[in-house]
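K.L.:
give the three-dimensional model of this entry:
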Amino acid sequence: MSKKIIFLIISLIVLINLNFGKEIIIHPDKFYVWHNFEDENEWTVEDWSNNSLSESKISTDFISEGKKSLEIKLNTTRKNHQGVIQLFDIGDLSSVKEVKFDIYNSSLTNMNVCLMIKTGENWLYHESIRKKIKPGWNKNISFDLSAPIYGSDGNYKSRIKNIDNVRRFGILFEHDQKADGYIYLDNIMIKGTNIEKLLPAQVPEKIETVLIDSFEKGKIRWFAASDWSCATDVEKNLSNASEGINSMKANFDLKMPGQNATFYIESSVDLSNAYEIKADIYCPFDFSTNMCMALSTGDKWIWQESPIKKIKKGWNKDITFSLKKKNWKNEKTKWNYVTMPEDIDKTKRICFVIFPAEMGKGYVLIDNVRISTTDKGELTSILQYDVGEVVYYPWNSFEKGVNWLPDSSGSGALSVLPASNFGNEKNHGMQLKFNTLSPYEKAMYKYSGQIDFSNAVGIKFDIFNPLNYGVKITLAFKIGDDEIWYESKQIPVAPGWNKDIFFDFISPSFKSSASNWNFTDNLFNRDDIREIIISVFSDRIAEGEIYMTGIKLARRNFIGEAGKYIGPTFKNNTKFVFEPIQYTIWDFGSGEGTFEKGLGKWKAADIAGWGAAQINISKNYATEGGNSLQIVYKDKNVKIGCYYSNPSLINTNTYR
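P.N.:
Numbers count the residues shown, from 1 in each chain. Alright, predicted model coming up:
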C-alpha cells in the first residue's frame, strides 16, 4: 500500500514540474507577439523635440488583433514634420531578424514610416529606409533588423551597430503635408532565433492582485533614502489620491546633477510567484520625469533596476513593472537591460526611484501600490497591518533621568547622557554619542530590566539628528531566559527632526534565528523582555551624536474617548522604571574610582583587535580629589581602554 502512495506522489511532482518548466519552442521563420497593448503600454511620445505625435493611450478603437490598440494623436504643422513613438532601454535585440506591425492612419494624407534606433554607450543614431503608408489600415509593415538598410540623410546602406545594447527603439512618422488626426498602432511582432527572452510572459490563470499600500490607515512604512540619494522624507498627503483619500508624498531636494531620489519599503519577501508590481504616480511638474523600480535581493542585497518609465503631469495610473521580462539590469549584466530580476525569492527592498528633471526641492505622490501574484501567502511580510485605533502613553519621558547604557565594549557607542532643550525645542531626552571606527561598525545602547510590553502594539519616539548626514537605527529585544534576539528593520534618520518614528510589534517584521534572520518573524513573548537595544548605523568612520526623546507605547483603544486614559481591562501590565539613577563614589577602601591611592587593580586592556595602551596616574583633570587615570596610546582609529580586575568577588547586587 505504501509503495503505491509513494509512486502516486512522485508522479504528481513530475507532472507539475513539466507543466511549470515547459519552454516555448521558437520557430525562426514565425512571428511572435512582442507588444499588443492588451495589458499595458510601454511606448511613449516623450523625449523627442517638436514631436508631431502626442497623448498616447490604450484604445478599443481600430484594432487589428485582440481587443485593444495604442492610440496616438497626430498634428503635423508642415511638410516633413516628424513624430516618434518609442521604447527606452530595451537591451539586446541581436536575436531579432525582423519586426512588423499594423498601423491605422485616420488622417486623409499619405505618410512615410521608418524605424529610429539609438544604440551603445555613444547612442549611435540609425534610421531605416522609408515605407509609404496610406489612410486607413496598413498591415504587416515590416523591417529587417539584420539588413544593410540603415543610415541617415538619404544614405541607407549600413547595418545597425551595437544592436546588443538598444537605448531607444522608435517608429518614426513623416508626413507629406500638414495633417491632423490619430494613428493606431497594434500587433507589433518579431521573429528570429532565441527571441523568447523578449516575448511577454504568459499571464498565469489564477493570478490575484494584492494591495500592498493604499496609505489610508496607519503609519507610512516607506522611507526616503536620504543618506545615499536626494530623497529627503515621506509624509502622508491628505488632499490628493488616485484611490481613497490619502497618498504618500515623497519629497526630494536635488542639489547635484545626476542624483536620483529613492523611496523604499524594506522587508524579507518572496516575489518568485509575483508577476508584476503596479502603482499610481502623481507628477506635479509641467514637464515629464523619469522613474524606475529597483529591487535589492539575495544575501548580498544585489541592486537591480527596471527599464525607465516616463511620468507626465498629473496622475499616471497603473505604472507597471513586470518581474517576468528580461529587461532588467544589474552589475552582472554590466548594466544592460537583458535579464529578469534575480534572487527575487529573497527580496529585501522594493524601491521607487525618481530622476528629478530640475534642481531644487520637489515631490511626487505615490498611491495604490499593488502586486499581482499566484501566491498571496508569500506576500504576508509586506502586507499592510491595521493595528486599529491606538493611543500613546509615555514609557520613558526622561523627566527623571536616563536609564540607558552604552555598549562600549561591543560597539562604537561612547556614552548616554541626559539632554534637554535640543533641536530648538523645549524637551528632555538623552544624547547617544558614538565613534565608529569603520563603515560597518554600529553603536549600541541598551536598557535592561524585566519588561512587559504585552499590552502594547508598537512603540514610537522622536529623534533629533544634528549631523549633516543621515544615519539608520534598529530596535532589538532580548526575550526570555535564553535572551532570544529579535531585531527590527533599519529605519533611516535624516538630518534634523525625525518625529513619530514607529516600530510595529504585531506584524511579521522582525528577524531572529528562528526566521533564519529574515524579517518574517513576530515579536513573540513580549511580556518577558530582558533588554532593549537601540543600534545606530552611521555607515562611515565618524564621531557624532543623536538625541532621543518622548518614548511612548501604542495601545489599542477599543472604547473610544475613555480608552485614551485607561486600558480595556482597566489595568496596565507594563512595568515603568522612572526613578532617577543615584550615583555614589566607587571606593571600597582603595580609591578604585578616584585613583587617590594609585592604580590598584586597574590595567591597560590587552584585547585582540584593540590598540596598545598604557595607563598612569595623572595630576591633571581630576574631578574628585587630586588624581585621575591617564591612558596613553599611539594608534589611531582602533579601540583602546583599561579594565578593573579583582581576584575576589565584587558585589554589584545593589547597583544597576
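K.L.:
tell me how far the residue nearest the centre of the chain lies from Met293.
P.N.:
For the chain, Tyr264 is the residue whose C-alpha lies nearest the centre (C-alpha atoms, centre = their mean; 2.5 Å). According to C-beta to C-beta, to the nearest Å, Tyr264 and Met293 sit 10 Å apart. In short, each C-beta sits where N, CA and C put it, glycine included.
K.L.:
hey, what's in contact with both of those two?
P.N.:
Contact criterion C-beta atoms under 8 Å, 6 or more residues apart in numbering; residues shared by Tyr264 and Met293: 350-352.
K.L.:
any chance of those in CSV, with distance to Met248 too?
P.N.:
CSV is the format used below for these (distance: C-beta to C-beta, whole Å):
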residue, distance to Met248
Ile350, 13
Cys351, 13
Phe352, 10
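K.L.:
which of those residues fall in helices?
P.N.:
Among the shared contacts of Tyr264 and Met293, the subset assigned to helices under DSSP state H is empty.
K.L.:
which single one of those is nearest to Lys68?
P.N.:
Of all the shared contacts of Tyr264 and Met293, the one with the least separation from Lys68 (C-beta to C-beta) is Phe352, at 26.6 Å.
K.L.:
next up, phi/psi of Ile459, please.
P.N.:
phi -140, psi 140 (degrees, to the nearest 10).
K.L.:
hmm, it is touching Gly550, no?
P.N.:
No - if you go by C-beta atoms under 8 Å, Ile459 and Gly550 don't touch, sitting 10.9 Å apart.
K.L.:
strands of the stretch 451-600 of the chain, start to end?
P.N.:
Counting by DSSP state E, counting those that start in this stretch, the stretch 451-600 of the chain has strands at residues 456-465, 471-479, 484-487, 491-493, 496-504, 529-537, 542-556.
K.L.:
among those strands, which is nearest Asp47?
P.N.:
strand 491-493 (32.1 Å).
K.L.:
how far does stretch 203-210 stretch from start to finish?
P.N.:
15 Å (C-alpha to C-alpha, to the nearest Å).
K.L.:
then stretch 627-637?
P.N.:
Note: stretch 627-637 ends 28 Å apart using C-alpha to C-alpha.
K.L.:
so which residues make contact with it?
P.N.:
437, 541, 594-596, 599, 602, 604, 611-622, 640-642.
K.L.:
give me the mean pLDDT for that stretch.
P.N.:
Across stretch 627-637, the average pLDDT comes to 86.
K.L.:
just the buried positions in that stretch, please.
P.N.:
For stretch 627-637, burial by neighbour count (16 or more other C-beta atoms under 10 Å) applies to 627-629, 633.
K.L.:
next: stretch 149-162.
P.N.:
149-151, 156, 160, 162.
K.L.:
show me the contact partners of it.
P.N.:
Counting by C-beta under 8 Å, 6+ apart, 115, 117, 119-121, 124-129, 143, 145-148 sit against stretch 149-162.
K.L.:
any idea how far it is from the chain center?
P.N.:
42 Å (C-alpha atoms, centre = their mean, to the nearest Å).
K.L.:
again with stretch 406-416
P.N.:
29 Å.
K.L.:
can you list contacts of that stretch?
P.N.:
Contacts for stretch 406-416 (C-beta under 8 Å, 6+ apart): 402, 404-405, 430-437, 441-446, 533, 535-536, 538, 543, 641.
K.L.:
returning to what we had before: which non-adjacent residue is nearest the residue nearest to the centre of the chain?
P.N.:
Leaving aside its sequence neighbours, Tyr264 sits nearest to Cys351 (C-beta to C-beta, 6 or more residues apart in numbering; 4.1 Å).
K.L.:
in TSV: the shared contacts of Tyr264 and Met293, plus neighbour count and distance to Trp222.
P.N.:
Listed next are the shared contacts of Tyr264 and Met293 as TSV, based on neighbours: other C-beta atoms under 10 Å; distance: C-beta to C-beta, whole Å:
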residue	neighbour count	distance to Trp222
Ile350	24	9
Cys351	24	9
Phe352	25	8
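K.L.:
which parts of the protein are helices?
P.N.:
In the chain, the helices defined using DSSP H lie at 2-21.
K.L.:
was I right about Pro204 contacting Thr374?
P.N.:
Yes - look at Pro204 against Thr374 with C-beta under 8 Å: they come within range, at 4.9 Å.
K.L.:
shared neighbours of these two, anything?
P.N.:
Tyr275.
K.L.:
neighbours of the residue nearest to Val33 when sequence neighbours are not counted, how many?
P.N.:
The shortest distance from Val33 to any non-neighbouring residue, by C-beta to C-beta, 6+ apart, is to Met189 (5.6 Å). Residues lying near Met189 (other C-beta atoms under 10 Å) number 20.
K.L.:
quickly list what Met189 is bridged to.
P.N.:
Val33, Lys100 (DSSP bridges).
K.L.:
shaky segments in the protein?
P.N.:
1-24, 386-388, 557-583, 649, 652-656 (pLDDT under 70).
K.L.:
tell me which stretches of the stretch 201-350 of the chain form strands.
P.N.:
208-213, 223-224, 231-237, 247-254, 261-269, 274-283, 289-297, 302-305, 309-311, 314-322, 329-330, 347-355.
K.L.:
turn those into TSV, columns for distance to Phe37.
P.N.:
Shown next, in TSV, are the strands of the stretch 201-350 of the chain (distance: least, C-beta to C-beta, whole Å):
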stretch	distance to Phe37
strand 208-213	19
strand 223-224	35
strand 231-237	31
strand 247-254	27
strand 261-269	29
strand 274-283	15
strand 289-297	21
strand 302-305	24
strand 309-311	16
strand 314-322	12
strand 329-330	24
strand 347-355	24
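K.L.:
quick one: closest of those strands to Ser52.
P.N.:
Per C-beta to C-beta, nearest to Ser52 of the strands of the stretch 201-350 of the chain: strand 309-311, 17.7 Å.
K.L.:
for that closest one, packing partners?
P.N.:
strand 289-297, strand 314-322 (3 or more C-beta pairs under 8 Å, 6 or more residues apart in numbering; DSSP states H and E).
K.L.:
quick one on the thing from earlier: using a markdown table, lay out the buried residues of stretch 149-162 together with distance to Tyr486.
P.N.:
Output for the buried residues of stretch 149-162, formatted as a markdown table (distance: C-beta to C-beta, whole Å):
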| residue | distance to Tyr486 |
| --- | --- |
| Ile149 | 64 |
| Tyr150 | 60 |
| Gly151 | 64 |
| Tyr156 | 66 |
| Ile160 | 56 |
| Asn162 | 51 |
